[in-house]
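> Dropping the sequence and predicted coords here.
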Amino acid sequence: MKASATATTIASIAACILAGALSLQCGPTGSINVEPQAGGGNRGGGITGTSPTAGAGGTAGNGSGGTSYIISAPPPAGGSTESSSNLDAAPASAEINCGVQTQNPAPQPVDLLLVLDRSGSMTSDIASDTDCSGRNPPANCTARWPTMTASLTQVLATSPAEVRWGLKLFTSPRGSTCTVNPGADVAVGPNTAAQIQAAIAGTSPGNQTPTTAAIKASVTYYGTVSDGLPHYILLATDGQPNCDPGTSASVTDASVQDTASAIATALNPGGIKTYVIGIGPSTGNLDNFAQAGGTGSFFPATSPDQLTAALSSIIVDVASCKFTMNATPPDPGNLGVYLDKNTKVPLDPSDGYTLGPDGVTVTFNGSYCEGLKNGTYLVVEVFFGCPGAPPPPVIP
């Protein structure tokens, strides 16, 4: 291709994450040329990916490997080019990004710290208070600790990649009766399932239930996590808190109130919501903790299936309704936002979508957010309208 054919580059067109394909649509005619370039993608520059005539593209941003495909405007009249593909293109103008359909913008990640009770009573049966750790436990004794381990293994295997898990154990392993160390046992981040499973497998239940200290330590830890993502706590416990200063095994009105206050402070001003799972039949009233954490009611878990369902429900609830596009629309007022191609979402902060001040963050609100979380909608797409040509009512 001659140099004149690469005059204007349409930059940062998002790859189709879920559908696995790139779709381009626009209004008036004109051919454009797709030129393979060696050396992989560049952040902010071309489309990194695949084409019918070439192998996989390089990784965006690192400029390594594969082939990147630069979509450029047609050459001036009378010029010539060696075209490898013809596609519809927008008319040459400052609005050159218009008519680009951005498939499946990426959902915003979230941080979820599991604050897990490892007190001595976690050796008891999940459906009763029978101790399963004795020499001759009942045949049907289902201890809470291994049940939690099995449920987590199942849930972590299917947890969406955008949920970044971490782990905080209390009491801290190798500590004394009420010890809670600073920091996290596993830092929140991507692909932490194996680390969490190893940390849980490397310890066993023992000591008391210093829930207040665990929540405070979790909030302090989150203060060191500067990833700009929403932060959540998942408190999983089988009983009421103790270990207030000067006490050990005593559960008092003060110890319960102290935990509720710590959770409320995490939410406001900390902005950290707390979900609560009560493992076993003798958890007491944990609704006050969930209410203080902005999540309503605690999830009871007196069977393995109920525990797994509670963990799964919380993952769905923390899933973000914010999606990030890889391209900034040339006209933010001329967007088409669609769910499953046939539902066009209105611009509405109460029940629709809003566009963030960065120009690339789309947030779904009201029923549309709920529909994304409960699986009613599976595909998110955004269409950049051309000047004088609004987006279509549906995506073909």
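Looks like it arrived, so ask away. The model shown is predicted, which means the values in this text are computed figures rather than measured ones. Numbers count the residues shown, from 1 in each chain.
> where does the stretch 51-200 of the chain dip in pLDDT?
51-97, 100-104 (pLDDT under 70).
> so where do the strands sit in it?
Here the stretch 51-200 of the chain has its strands, by DSSP state E, counting those that start in this stretch, at 67-72, 101-103, 106-107, 110-117, 163-170.
> which helices and strands does the last one pack with?
Spelled out, it's strand 163-170. Strand 163-170 sits against strand 110-117, helix 193-201, helix 211-222, with contacts defined as 3 or more CB pairs under 8 Å, 6 or more residues apart in numbering; DSSP states H and E. For the C-beta atoms, the positions are set from N, CA and C on the backbone; glycine is no exception.
> I'd like to know which elements the shortest one is packed against.
Here strand 110-117 is seen to pack against strand 163-170, helix 211-222, strand 231-237, helix 304-318 when contacts are counted using 3+ CB pairs under 8 Å, 6+ apart.
> Make CSV from these and add mean neighbour count and distance to Pro205 to it.
Formatted as CSV, the helices and strands packed on strand 110-117 follow (neighbours: other CB atoms under 10 Å; distance: least, CB to CB, whole Å):
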stretch, mean neighbour count, distance to Pro205
strand 163-170, 24, 10
helix 211-222, 23, 15
strand 231-237, 26, 12
helix 304-318, 18, 16
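> Can you lay out the ones you listed as JSON lines showing distance to Gly366?
Shown next, in JSON lines, are these (distance: least, CB to CB, whole Å):
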{"stretch": "strand 163-170", "distance to Gly366": "22"}
{"stretch": "helix 211-222", "distance to Gly366": "28"}
{"stretch": "strand 231-237", "distance to Gly366": "21"}
{"stretch": "helix 304-318", "distance to Gly366": "16"}
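> Quick one: closest of those to Thr130.
Nearest to Thr130, of all the helices and strands packed on strand 110-117, is helix 304-318, at 15.6 Å by CB to CB.
> all helices of the chain, in order?
144-158, 193-201, 211-222, 253-267, 287-292, 304-318, 366-373 (DSSP state H).
> need these in TSV with distance to Gly352, can you?
Output for the helices of the chain, formatted as TSV (distance: least, CB to CB, whole Å):
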stretch	distance to Gly352
helix 144-158	30
helix 193-201	35
helix 211-222	31
helix 253-267	26
helix 287-292	29
helix 304-318	21
helix 366-373	7
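> Quick check: the nearest residue to Ala213 once chain neighbours are set aside vs Gly333, distance?
Computed as CB to CB, 6 or more residues apart in numbering, the closest residue to Ala213 that is not its neighbour in sequence is Val180, at 4.0 Å. Noted for Val180: a distance of 51 Å to Gly333, by CB to CB, to the nearest Å.
> quick check: domain ranges of the chain?
As given by automatic domain parsing, the domain ranges for the chain are 1-106+325-396, 110-318.
> ranking the ones you listed by burial, who's on top?
domain 110-318 (a mean of 19; mean count of other CB atoms under 10 Å).
> end-to-end on that domain?
7 Å (CA to CA, to the nearest Å).
> Distance from it to the middle of the chain?
Mean-position distance between domain 110-318 and its chain equals 20 Å (CA atoms, centre = their mean, to the nearest Å).
> Also stretch 358-376?
13 Å.
> ok, Asp238 - contacts?
When the contact criterion is CB atoms under 8 Å, 6 or more residues apart in numbering, the partners of Asp238 are 117, 119, 121-122, 124, 144, 278-280, 282-283.
> Pipe those residues into TSV and attach distance to Gln154 per row.
Below are the contacts of Asp238 laid out as TSV (distance: CB to CB, whole Å):
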residue	distance to Gln154
Asp117	19
Ser119	23
Ser121	23
Met122	18
Ser124	21
Arg144	16
Gly278	19
Ile279	16
Gly280	19
Ser282	25
Thr283	22
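> Which of those lies at the shortest distance from Asp305?
Ile279 (13.1 Å).
> tell me the pLDDT at the nearest residue to the closest one once chain neighbours are set aside?
Spatial nearest neighbour of Ile279, excluding adjacent residues (CB to CB, 6+ apart): Asp238 at 4.2 Å. Asp238 is assigned 96 on the pLDDT scale.
> how near is Asp238 to Thr212?
For Asp238 relative to Thr212 (CB to CB), the value is 16 Å.
> Figure out which of the helices and strands packed on strand 110-117 is closest to Ser261.
From the helices and strands packed on strand 110-117, taking CB to CB, the stretch that ends up closest is helix 211-222, at 8.1 Å.
> Report the mean confidence score over the closest one.
Helix 211-222 carries an average pLDDT of 98.
> hey, C-alpha coordinates of it in CSV?
Output of helix 211-222 as CSV, limited to C-alpha atoms (Å, rounded to 0.1, in the frame of the first residue of the first chain):
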residue,chain,number,x,y,z
THR,A,211,-14.8,-9.7,64.0
THR,A,212,-14.4,-6.0,64.8
ALA,A,213,-10.6,-6.2,64.6
ALA,A,214,-10.9,-8.1,61.3
ILE,A,215,-13.2,-5.5,59.7
LYS,A,216,-11.0,-2.6,60.8
ALA,A,217,-7.9,-4.3,59.5
SER,A,218,-9.7,-5.0,56.2
VAL,A,219,-10.6,-1.3,55.8
THR,A,220,-7.1,-0.3,56.6
TYR,A,221,-5.8,-2.7,54.0
TYR,A,222,-8.2,-1.4,51.4
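> for that helix, packing partners?
strand 110-117, strand 163-170, strand 231-237, helix 253-267.
> I would like the residues contacting that helix, please.
By CB under 8 Å, 6+ apart, the list of residues contacting helix 211-222 reads 111, 113, 115, 117, 168, 170, 178, 180-184, 231, 233, 235, 237, 240-241, 243-244, 255, 258-259, 262-263, 265-266, 270, 272, 274.
> ok, back up a step: make CSV from the helices and strands packed on strand 163-170 and add distance to Asn374 to it.
Output for these, formatted as CSV (distance: least, CB to CB, whole Å):
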stretch, distance to Asn374
strand 110-117, 17
helix 193-201, 24
helix 211-222, 27
